[in-house]
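>>> coords please:
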Amino acid sequence: MIKKEKEAVKVICQNKKARHDYELGDRYEAGLVLTGTEVKSLRLGKANLTDAYVSLHQGEAYLTGLHISPYPWAHFGNHEPLRRRKLLLHRQELKKLYGRLNEHGYSLIPLRLYFKEGLAKAELALARGKKKHDKRQALKEADAKREMARVLRETHK
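Presented below is the predicted three-dimensional model:
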């Protein structure tokens, strides 16, 4: 039998704002429970993670605030764009996350949605919100790095 080559990861959308607003910690990969029209809409790249977050209820994780646009060619049975979607995580991961979220004041936020081997996945990160002065400091450091890289490029020419 010929083994099928593993499919590359196809990124649907990213939460770029999260890297600016939060200090990111541990990362997790979770599957998504979706309907058919949601999957079709995701394959078209019609999703927005900007205001999304993960909440834990009764020992299960749910992704709230993820906007998946309605599938344009579905005449009936289309999904609700902002519905709460269940995440698939291992029980040990859920217990660990529950403890960290309650104890340390962390939030669990999605960083990106992608297809891996044909299945929709979400990359999640434990995050702690940055203060305004922390954001300014991060921007200053990024500017300084860019400036140093520019100077190095010019001296090597």
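>>> Show me which helix or strand of this structure is least confident by mean pLDDT.
Least confident helix or strand of the chain, by mean pLDDT, DSSP states H and E, is helix 16-21 with a mean of 79.
>>> Could you list every helix and strand that that helix packs against?
Counting contacts by 3 or more CB pairs under 8 Å, 6 or more residues apart in numbering; DSSP states H and E, helix 16-21 packs against strand 107-116, strand 119-129, helix 132-156. For the C-beta atoms, the positions are set from N, CA and C on the backbone; glycine is no exception.
>>> for the shortest one, packing partners?
Translated: strand 107-116. strand 10-14, helix 16-21, strand 22-32, helix 36-43, strand 53-57, helix 91-103, strand 119-129.
>>> what do you get for the longest one?
Applying 3+ CB pairs under 8 Å, 6+ apart, one finds that helix 132-156 contacts helix 16-21.
>>> could you redo the last one with a cut-off of 10 Å?
helix 16-21, strand 22-32 (3 or more CB pairs under 10 Å, 6 or more residues apart in numbering; DSSP states H and E).
>>> Relative to residue 145, which of the helices and strands packed on strand 107-116 is closest?
With CB to CB as the criterion, residue 145 lies closest to helix 16-21 of the helices and strands packed on strand 107-116, at 14.6 Å.
>>> Now that closest one - C-alpha only, CSV.
In CSV, the C-alpha atoms belonging to helix 16-21 read as follows (Å, rounded to 0.1, in the frame of the first residue of the first chain):
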residue,chain,number,x,y,z
LYS,A,16,-2.3,39.2,15.3
LYS,A,17,-3.6,41.6,17.9
ALA,A,18,-3.1,38.9,20.7
ARG,A,19,0.7,39.1,20.4
HIS,A,20,0.5,42.9,21.1
ASP,A,21,-2.1,42.8,23.8
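>>> And for it, what's in contact with it?
Helix 16-21 is contacted by residues 15, 24, 49-53, 107, 109-112, 125, 127, 129-130, 134-135, 138-139, 142 when judged by CB atoms under 10 Å, 6 or more residues apart in numbering.
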